[in-house]
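> Need a 3D model of the following:
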Amino acid sequence: MQYTTHYSSPLGTILLAADEIGLTGLWFEGQKYYANQLDPANEEKNSPFHEQAKEWLAVYFSGKKPNFMPPLHLTGTPFQLAVWELLRKIPYGKTVSYKEIAQNLAMQKNLPRMSAQAVGGAVGHNPISIIVPCHRVVGSNGSLTGYAGGIDKKIKLLTLEKADMQNFFIPTRGTALLEVLP
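Purely as a prediction, here's the structure:
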């Protein structure tokens, strides 16, 4: 059974989901793939995992790097889980490209290459935004593309982390432009 609760962040309302193992979802209200892994039979009820996630978010949104991790229960394909594990290793305030993740994954699997687009698909379906930091992934050309919560939130999250943003740009086309272009 999954349990849900809400968190009011400086960037909008966040839906938190958890089961008996750990946090299963963290989505900005209205984001792409919103609650896509949420069991329809979920129950609105606060759990200890929600409380830990809320505490983590409070530290994070205060501009500090949290020094603890709430228990997570990620479910997905083996490929998605491998990509999400690499996302968890991206340091606070740093960015990597989809291409770099693809190269890292190819090396891990002893393959000659891996598709950056396939990696992008897995990154985009990350069910635990912010804590599993998909906002730290950028295009290899510096494009701030590909954040399901919208480029505006991606920029705010990277700015909060004091990431070096000087070589990044907002793409003029793409699916991650939610709430950016007039």
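
> In this structure G150 contacts E29, no?
No: contact criterion C-beta atoms under 8 Å: G150 and E29 do not qualify, at 11.3 Å. The way it works is simple: take the backbone N, C-alpha and C, and place the C-beta from them, glycine included.

> Those two: who's more crowded?
Taking neighbours as other C-beta atoms under 10 Å, G150 and E29 compare with G150 leading, 20 against 13.

> all strands of this structure, in order?
3-9, 12-18, 23-28, 43-44, 96-97, 137-138 (DSSP state E).

> Which residues does the fourth one contact?
Here strand 43-44 makes contact (C-beta atoms under 8 Å, 6 or more residues apart in numbering) with 1-5.

> I'd like to know which of the residues you listed are buried.
Among the contacts of strand 43-44, those classed as buried by neighbour count (16 or more other C-beta atoms under 10 Å) are 2-5.

> Name the nearest of those relative to L86.
Nearest to L86 among these: Q2, at 25.3 Å, using C-beta to C-beta.

> Report the contact partners of the closest one.
Neighbour list for Q2: 17-19, 24-25, 38-39, 41-43 [criterion: C-beta under 8 Å, 6+ apart].

> could you point out where the protein is predicted with low confidence?
173-182 (pLDDT under 70).

> switch the cut-off to 90
Applying pLDDT under 90 to the chain flags the ranges 30-43, 145-150, 171-182.

> can you give me the helices in it?
All helices of the chain, identified by DSSP state H, fall at 48-61, 78-88, 98-108, 116-124, 151-160.

> so what does the first one touch, helix or strand wise?
The contact analysis (3 or more C-beta pairs under 8 Å, 6 or more residues apart in numbering; DSSP states H and E) places helix 48-61 against strand 3-9, strand 12-18, strand 23-28.
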